[in-house]
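J.: From the sequence below, what's the structure:
(chains A and B)
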Amino acid sequence: MFNPEIETMPREQLRQLQFERLKKTVELVYENVPFYKQIFKEKGLQPGDLKSLDDLKLLPFTVKQDLRDNYPFALFAVPMSEVVRVHASSGTTGKPTVVGYTQNDIDVWAELIARCVAMAGGGKGDVIQVAYGYGLFTGGLGLHYGAERLGATVIPISGGNTRRQLMLMKDFGTTILCCTPSYALFLGEEATEEGIDLINGQIKAGIFGAEPWSENMRKELEKVMGIKAYNIYGLSEIMGPGVSMECECQCGMHIMEDCFIPEIIDPETGETLPYGSKGELVFTTIAKEAFPLIRYRTRDISVLREEKCGCGRTFVRMERVMGRTDDMLIIRGVNVFPSQIESVLLEIGETEPHYLLVVDRQGNLDNLEVWVEVSEKMFSDEVRKLEELEKKLRHEIASVLGISAKIKLVEPKTIPRSEGKAKRVIDKREL
Amino acid sequence: MKVQQISVFLENKSGRLATLTDVLGKAGINIRALSIADTSDFGILRLIVNQPEEAFRILKEAGFTASLTDIIAVEVKDEPGGLAAILKILESAGINIEYLYAFLEKSSNDALVVFRVEQIEDAINLLTKNNVNLLKGAEVYKL
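T.: Okay, here's the model as predicted:
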C-alpha cells in the first residue's frame, strides 16, 4: 500500500478530513470563481452555511455545459501564473473541455496514481509501459508521473505502433501495462500471432481504463496475457485517471476519498441516493487548487459500496460504470458525442442533417462509421465531388473528435427515424 | 441544344436499381440512355428519359436524391476515329469533359454520345461552328 495512513483511515476520521477540505474548497471557489459565487447566491448559500458533511447535498451541481460556458479558463480558482499544466478533452460540440493543475495538483495526482499502481502490485523495480495517449488527454501523463513517484521505471511509449509496443514489452521486460482494455486485447492477440509468449513473460499486471469494459473482457485479458487485469477510473474534469482504482480483491474501485467526495444521485430528480443504489455518479473535488469542481455530474451510472473490503482500505468502492445518462460514446478511449458530428454537418451547410454513428469492434479495435444521408444539397452528379465531400467530412470529423471515422454516404431515409428523439447511435460492440 | 439528364444517388446495395427502374416504369417513363459511375460504396446513375421533369419529380417523391443536369447529345460518325475527331475539337479549346456515355439507340446512321462538360455554352458554340450535329432536348426525349 502506498499510503496506508490515508488509505486505511477509519471512516469517522476520514469524514472529518473530508469536511475540513470541503469547507476549504467551497471558500476557495466562492472567493475566486465568479460562476460559483453566482450559483451559490442564487441558492441563497454562503460558505458558512456548511455545518456538516451531509450539507454537501445543499450545494448546486456543476455540469459539463458550465465548463463549456466558461471556456477556457473562467472556472480556474487560481491566477493563470499558478497553473503549471492544462489538459483538455473533446467537448460535446466543437470546443474542448479544459482543465488546469497547479504544481500541488500535479503532486497530488501523482500520489493518487502511485497508490493505484501499488494496488496493482507495482513498486520500485517494476517496468511500467504507459500505452495511454500522451498529450492533451490525461491518460498518458497521468500514469506517467504517478509511476515515477512510485519509483518504478516508466516506458512512455504512448498509444499505437503495436509492433514497437510488443518489441519493447519483451526487450525492456515490462511488468505492468497501462492502456485501454480493448487495446490490451489487441496487443495480446498480436503477440500470439507474432509468437511472443506473454503468459510466461515478465508482465504480471495491467491497469486498464478510459473506456467501459466487462468481466468477460477481464477474463479474456487475464488468460491471453497471463496477468491480473485491474480497472482504473477517472475523468479529466475531476483529475484524470486515478479517481478510483481496484485493489487485489477486484470487487469495485476504491474512490480516493481524501481527494474526492462521491455521491450517487437520481439523474431525474437530482436527489442523493443511499449507498447500494444505482444512479449517476457525482464528484466534489476537495484537494484541488486550480480547477475545483463542486458536485460535478459525471453522467456515468454506477453503484457505491461501503462494505468493508478485504484489502483493508476504508475508501468506498464504485462498481464498473454501467452506462451513461447522456448519449456519450467512448471509442478507442476517446469520448464521442453524436452532437459533434452534427456540428460538422451544420458547418458544411446542412440545415437538417440526418446521420448515424455505427460503432463496431473488429477484432479488438473499435471502428466508427458515420453514415450521412445525401441530401439534394450535398449531391453532385460527379463522383469526384462526392468523394471530395467524403474526404472533407472525414477530415472535419477527425479533427473534431480526435479519432478517425469511416464516412458512408447513404440514400435518404436509410437512417431509421424514431418517434421523438432521433436514433443517432448503433453500438454493436459486445464487451 | 441542352438536354436534361437526371442523376440519382444510389447506395451499392442489392435491389436499388431494380426499385428505381420499377418506379419509373410504373409511371410510364421511358429510359433513352443510362450510365452508372460507381465507387466501392455508392454509385451515381445518370439517365436520359422521355420526360425528365416528370421523372425527376417521381424519383424525389419515391425518396431518391436526384438532380437535373444539362448535357449535350452529340452525333458522332459511326466510323473509326469518329469520337476522336470530336474530342480533338473540345480539347483544342480547353473544354474539360466530366464524363460521357453512349445512347442505347441511334437516331440515324450516326452514333449518339452524351457529353457532360464544364463549359457547356462554349462547347455548344464550338461544336456547332465545326459542323458537329447536336440534338435538341425535344429530339432526344422523343427518340
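
J.: Residue A:70: neighbour count?
T.: 16 (other CB atoms under 10 Å in any protein chain shown). The way it works is simple: take the backbone N, C-alpha and C, and place the C-beta from them, glycine included.

J.: Repeat that for residue B:139.
T.: 12.

J.: Check it and give its pLDDT.
T.: The model reports residue B:139 with a pLDDT of 86.

J.: Over to it. Which of the three states is it?
T.: Following DSSP: H, G, I helix; E, B strand; the rest coil, we place residue B:139 in the helix state.

J.: Who are the contact partners of the spatially most central residue of chain B?
T.: Residue closest to the average C-alpha location in chain B (CA atoms, centre = their mean): residue B:114, at 4.7 Å. By CB atoms under 8 Å, 6 or more residues apart in numbering or on different chains, the contact set of residue B:114 is B:3, B:5, B:33, B:35, B:46, B:48, B:71-74, B:100-103.

J.: likewise residue A:184?
T.: A:177, A:206, A:208, A:221, A:225, A:229.

J.: overlap between the contacts of residue B:114 and the residues near chain A?
T.: Taking CB under 8 Å from any CB of the partner chain as the test, chain A is in contact with B:5, B:46 out of those.

J.: Name the residue of chain B that lies nearest to chain A.
T.: residue B:7 (3.2 Å; CB to the nearest CB).

J.: Next up, the contacts around that residue.
T.: Counting by CB under 8 Å, 6+ apart, residue B:7 touches A:379, A:381, B:44-47, B:66-69.

J.: Now that we have these, which of them are buried?
T.: Buried members of the contacts of residue B:7, scored by 16 or more other CB atoms under 10 Å in any protein chain shown, are A:379, A:381, B:44-47, B:66-67, B:69.

J.: Of those, which belong to helices?
T.: Among the buried ones among the contacts of residue B:7, no residue falls in helices (DSSP state H).

J.: For chain B, what lies in contact range of chain A?
T.: So chain B meets chain A at B:5, B:7, B:9-11, B:16, B:37-39, B:41-42, B:44, B:46, B:63-67, B:69, B:98-99, B:116 (CB under 8 Å from any CB).

J.: at 7 Å what do you get?
T.: Chain B has residues B:7, B:9-11, B:37, B:39, B:41-42, B:44, B:46, B:63-65, B:67, B:69, B:98 near chain A, with proximity defined as CB under 7 Å from any CB of the partner chain.

J.: what's the closest of those to residue A:300?
T.: Distance to residue A:300 across those (CB to CB) is lowest for residue B:41, with 35.6 Å.

J.: show me the contacts for the closest residue in space to residue B:77 that isn't next to it in sequence.
T.: Leaving aside its sequence neighbours, residue B:77 sits nearest to residue B:110 (CB to CB, 6 or more residues apart in numbering or on different chains; 5.8 Å). Each residue near residue B:110 by CB atoms under 7 Å, 6 or more residues apart in numbering or on different chains is listed here: B:75-78.

J.: pretty sure residue A:382 is touching residue B:98, no?
T.: Yes. Between residue A:382 and residue B:98 there is a contact under CB atoms under 7 Å: 5.7 Å.

J.: what residues are up against residue A:291?
T.: Each residue near residue A:291 by CB under 7 Å, 6+ apart is listed here: A:75-76, A:99-100.

J.: neighbours around residue A:193, how many?
T.: When neighbours are defined as other CB under 10 Å, residue A:193 has 9 of them.

J.: For it, report the pLDDT, please.
T.: Here, the pLDDT recorded for residue A:193 equals 90.

J.: State the distance from it to chain B.
T.: Here residue A:193 is placed at a distance of 27 Å from chain B (CB to the nearest CB, to the nearest Å).

J.: And residue A:17, by the same measure?
T.: Counting by CB to the nearest CB, the gap from residue A:17 to chain B is 59 Å.

J.: what's the neighbour count on the closest residue in space to that residue that isn't next to it in sequence?
T.: Computed as CB to CB, 6+ apart, the closest residue to residue A:17 that is not its neighbour in sequence is residue A:258, at 6.1 Å. Residue A:258: 22 surrounding residues under other CB under 10 Å.

J.: right, and residue A:258 touches residue A:8 too?
T.: No. Look at residue A:258 against residue A:8 with CB under 7 Å: they stay out of range, at 11.4 Å.

J.: Export the contacts of residue A:184 as JSON lines, with columns for secondary structure.
T.: Shown next, in JSON lines, are the contacts of residue A:184 (three-state DSSP):
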{"residue": "A:177", "secondary structure": "strand"}
{"residue": "A:206", "secondary structure": "strand"}
{"residue": "A:208", "secondary structure": "strand"}
{"residue": "A:221", "secondary structure": "helix"}
{"residue": "A:225", "secondary structure": "helix"}
{"residue": "A:229", "secondary structure": "strand"}
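
J.: Can you lay out those as a markdown table showing distance to residue A:89, neighbour count and pLDDT?
T.: Shown next, in a markdown table, are the contacts of residue A:184 (distance: CB to CB, whole Å; neighbours: other CB atoms under 10 Å in any protein chain shown; pLDDT from 0 to 100):
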| residue | distance to residue A:89 | neighbour count | pLDDT |
| --- | --- | --- | --- |
| A:177 | 23 | 29 | 98 |
| A:206 | 23 | 27 | 98 |
| A:208 | 19 | 27 | 97 |
| A:221 | 25 | 24 | 93 |
| A:225 | 28 | 24 | 93 |
| A:229 | 24 | 25 | 97 |
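
J.: Could you dump those into JSON lines with distance to residue A:83 added?
T.: Below are the contacts of residue A:184 laid out as JSON lines (distance: CB to CB, whole Å):
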{"residue": "A:177", "distance to residue A:83": "31"}
{"residue": "A:206", "distance to residue A:83": "32"}
{"residue": "A:208", "distance to residue A:83": "30"}
{"residue": "A:221", "distance to residue A:83": "37"}
{"residue": "A:225", "distance to residue A:83": "38"}
{"residue": "A:229", "distance to residue A:83": "35"}
